[in-house]
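S.K.: Below are the sequence and a predicted model; questions follow.
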Number of protein chains: 2
Amino acid sequence: MNNEEEQVLIHCLYFTASRFARNITKLTEKTFDFGDLAPSYLYMIMIVKFHPKITQKELCHKLSIAPSTSTRFIDKLEKLNLVTRKMDGKQTLISLTEEGEKVYLQFRVSLKELFNSYSEILGHEFSKDLSKTLHEASNKLEREL
Amino acid sequence: MNNEEEQVLIHCLYFTASRFARNITKLTEKTFDFGDLAPSYLYMIMIVKFHPKITQKELCHKLSIAPSTSTRFIDKLEKLNLVTRKMDGKQTLISLTEEGEKVYLQFRVSLKELFNSYSEILGHEFSKDLSKTLHEASNKLEREL
DNA sequence: CCTGGATATTTGTATATACAAATGAATGGA
DNA sequence: TCCATTCATTTGTATATACAAATATCCAGG
């Protein structure tokens, strides 16, 4: 590979981060099997699990997604009978249904499988460190934007 | 934040990687200004720059994208007169047009700005290391899938 | 020279995600 | 009490991306 090109492909964080996200998403989709539900929905379910009656805004913040995205996610989860919306003035409060609680439990099991999956490939400690690093880097970026 | 939840949000590489990719993409789109062209297209242009007459398959490999995605990217770049397709049996060979060469040069300038942008927030060495780490981790994942 | 696989690309279709504009509800000041 | 502003959510629309199925070309064995 041309050297200049190689330098860019290795050193551009935008490129490496997007590529890595695509790869780990692929692995995740292989590991998770929740029918229609893409992995992101499960994180939303988890957050609602720990914060019943959470507002949509808070949800967006915790997941780092745009409000419009959250509307669409909740639409789908509501249609699948996994969460309920309750309007409260300007805000919308989200809670889990019983069905949602069940899905949450399955999710926790799959999550362990996922951890094992990538730990086998990348190493346990390495994965943990990388994840923490990305978490903190995201926090920094979000503070600046 | 609930402790169990926090652990998952920090330690799940799928979640942290997707979130980080979203954040860095946002920063990148702010820095780059190529009209319609999203950042990914520019990486494609760069690769074609260094490998005139590259096959589409090779392009996919270097960018870690699916063949169908590459078709769509090239469609767009061709319409914008930045690359040319040349059928060669089963394969399609891609090269830059003169216009494409010009865009490549602008891209290199923007790329430096981008590096500065995130280095200011995350630190220069940190960014470089993280990028390299992600690069290598992607390689490992791709070998397994 | 034909046929059946193998390989490369394209097309159909779906999805997560975003931004900008629209809507709807709350609140503070006249 | 009403209005203007502000804030939360939704809707319209666009995009990068993927998978699966379809198409097109090449090649090997008869």
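M.R.: On my side now, so go ahead.

S.K.: and the helix or strand containing A:Leu77, what other elements does it pack with?
M.R.: Using DSSP states H and E, A:Leu77 sits within helix A:67-79. Packed against helix A:67-79 by the contact rule (3 or more CB pairs under 8 Å, 6 or more residues apart in numbering or on different chains; DSSP states H and E) you find helix A:39-50, helix A:56-63, strand A:83-88. The way it works is simple: take the backbone N, C-alpha and C, and place the C-beta from them, glycine included.

S.K.: for the ones you listed, which one sits closest to A:Lys102?
M.R.: Evaluated over the helices and strands packed on helix A:67-79, closeness to A:Lys102 peaks at helix A:39-50, with 10.3 Å, by CB to CB.

S.K.: Just the CA coordinates for that closest one, please, in PDB.
M.R.: Presented in PDB, the C-alpha positions along helix A:39-50 are these (Å, rounded to 0.1, in the frame of the first residue of the first chain):
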ATOM      1  CA  PRO A  39     -29.000  -3.800  19.300                       C
ATOM      2  CA  SER A  40     -29.500  -0.100  19.900                       C
ATOM      3  CA  TYR A  41     -33.100  -0.700  21.000                       C
ATOM      4  CA  LEU A  42     -31.900  -3.000  23.700                       C
ATOM      5  CA  TYR A  43     -29.800  -0.300  25.200                       C
ATOM      6  CA  MET A  44     -32.800   1.900  25.300                       C
ATOM      7  CA  ILE A  45     -34.700  -0.800  27.000                       C
ATOM      8  CA  MET A  46     -31.900  -1.200  29.600                       C
ATOM      9  CA  ILE A  47     -31.900   2.500  30.400                       C
ATOM     10  CA  VAL A  48     -35.700   2.600  30.800                       C
ATOM     11  CA  LYS A  49     -35.400  -0.500  33.000                       C
ATOM     12  CA  PHE A  50     -33.200   1.500  35.400                       C
END
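
S.K.: Would you mark the buried spots in that helix?
M.R.: A:39-50 (16 or more other CB atoms under 10 Å in any protein chain shown).
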